[in-house]
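Engineer: When you get a sec, could you give me coordinates for this:
(one chain, ligands or ions: 1)
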Amino acid sequence: MTAAQGPRLRPTLDGIPTYKPGKPAGADAYKLSSNENPYEPLPGVLEAAVAAAGKLNRYPDMAGTELTAVLAERFGVPAEHIATGTGSVGVAQSLILATAGPGDEVVFAWRSFEAYPIITQVAGATPVPVPLTAGGDHDLDAMLAAVTERTRLIFVCNPNNPTGNVIHRAELERFLDAVPSDVLIVVDEAYIEFIRDPEVPNGVDLYRDRPNVCVLRTFSKAYGLAGMRVGFAIAHEPVANALRKTAVPFGVTQLAQDAAVASLRAEDALMVRVDALVEERTRVVTALRAQGWRIPDSQANFVWLELGERSQEFAAACAEAGVIVRPFPEGVRISIGEVEGNSIFLSVAEAFRKEL
Ligand SMILES: *Cc1c(COP(=O)(O)O)cnc(C)c1O
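Structural biologist: Below is the predicted model:
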């Protein structure tokens, strides 16, 4: 008798690392591991979500009509150019499903956002990671050189997660114009609201006269709705329409849609919070440099310590002190969170620095 066989799973899944979420913080630890917004929802946003919860027996508006209309007005684009999804990761997955399958390639910088290689392989396509420069920048020349006849999609993460580095306007425009026009370029701007460097372009300006450029945005970071799972793409109609076909039907709940609309209406209040986080980032970066760390000029809500093989050890020291941070093989990413949590991280960094 042969042993019972389990169901046959697609062999491509064997190569997929399981997505590792930021470690949940214990009750008394500060969670600086997932680039979340430390501020709880604004009262008006919470009320909108609670009101929507009263209709949980109904499916959400599948077209996201109101959210789409508000976004279209906010960004000065046609409603047909907007496609919403279950977080921008959900939208990114829909973009890959719309463009790439077995035999096709998806190019992205590495290290960059964890989800890129995973969602590429889920679609059966081949990830083509292109190493960052020594300074943590996208190597756009190398990415261009990595484009082949099989390339269907390129992710550009600006600012880059986890290094925080940005790509400036002239350099990005040169890249966009050099990529073949039948390859979709997705500019992932999950952290754009935290950028203070005036040389960084806004993807919405770049996509308008480039049919192969798609802007990816999220409500998870600056808008503080990570738990709601809502993000969106701005792209020309063929791409936006394709996203509506490949997205999970009814994926964005009514709670998420209504909370996102309320957030857009409360944008001024939310951006005051973003300003405070950017100030806190300046404090953290200044303190780290004073301690002797050489770190990239982060334009996002996190900082990056390139600790190499000591990354796990550093993360353990942080956890011991009550802050959860995010170690990678190349370094450690620390989100800008509550002031007290940031300060605890800084004291761990100072002690660690002294014995390096
Ligand atoms: C956090 C993050 C996102 C946002 O993901 P959501 O699914 O919208 O929560 C997208 N891209 C990058 C690079 C990120 O770091």
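
Engineer: From the rest of the structure, what touches the biggest helix by length in the chain?
Structural biologist: The longest helix of the chain (DSSP state H) is helix 267-290. With CB atoms under 8 Å, 6 or more residues apart in numbering as the test, helix 267-290 has contacts from 37-39, 42, 74, 193-194, 196, 222-224, 263, 295, 297-298, 301, 303, 305, 334, 336, 339, 342, 345-346, 349. Quick note: C-beta positions are derived from backbone N, CA and C, even for glycine.

Engineer: Among those residues, which lie within strands?
Structural biologist: Taking DSSP state E as the definition of strands, those contribute 303, 305, 334.

Engineer: Next up, the contacts around the closest residue to the first one other than its chain neighbours.
Structural biologist: I take that to be Val303. Nearest non-adjacent residue to Val303, counting by CB to CB, 6 or more residues apart in numbering: Ile334, 5.3 Å away. With contacts defined as CB under 8 Å, 6+ apart, Ile334 is in contact with 32, 284, 302-305, 318, 323, 325-326, 345.

Engineer: want to throw these into CSV with distance to Ala4, neighbour count and pLDDT?
Structural biologist: Formatted as CSV, these follow (distance: CB to CB, whole Å; neighbours: other CB atoms under 10 Å; pLDDT from 0 to 100):
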residue, distance to Ala4, neighbour count, pLDDT
Leu32, 45, 28, 97
Val284, 54, 22, 98
Phe302, 46, 27, 98
Val303, 50, 27, 98
Trp304, 47, 25, 98
Leu305, 48, 23, 98
Cys318, 45, 27, 98
Val323, 46, 28, 97
Val325, 43, 28, 97
Arg326, 40, 26, 97
Phe345, 50, 30, 98
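
Engineer: Just the closest of these to the ligand, please.
Structural biologist: Nearest to the ligand among the contacts of Ile334: Phe302, at 8.8 Å, using CB to the nearest ligand atom.

Engineer: Tell me the residues of the stretch 51-200 of the chain that contact the ligand?
Structural biologist: Applying CB under 6 Å from any ligand atom, one finds that the stretch 51-200 of the chain approaches the ligand through 87-89, 113, 157, 161, 188, 190.

Engineer: Quick one: residues contacting Ser94.
Structural biologist: 83, 85, 242-243, 246-247.

Engineer: Then Leu140?
Structural biologist: With CB under 8 Å, 6+ apart, Leu140 has these contacts: 167, 171-172, 174-175.

Engineer: which residues sit in contact with the residue in the chain positioned nearest to the ligand?
Structural biologist: The chain approaches the ligand most closely through Gly87 (2.4 Å), counting by CB to the nearest ligand atom. Counting by CB under 8 Å, 6+ apart, Gly87 makes contact with 218, 220, 229-231.

Engineer: near the ligand, from the residues you listed?
Structural biologist: 218, 220, 231.

Engineer: what's in contact with the host helix or strand of Arg174?
Structural biologist: Element membership for Arg174 (DSSP states H and E) is helix 169-178. Contacts of helix 169-178 with the rest of the structure, by CB under 8 Å, 6+ apart, involve 140, 143-144, 156, 158, 167, 185, 187, 199-201, 206, 210, 213.
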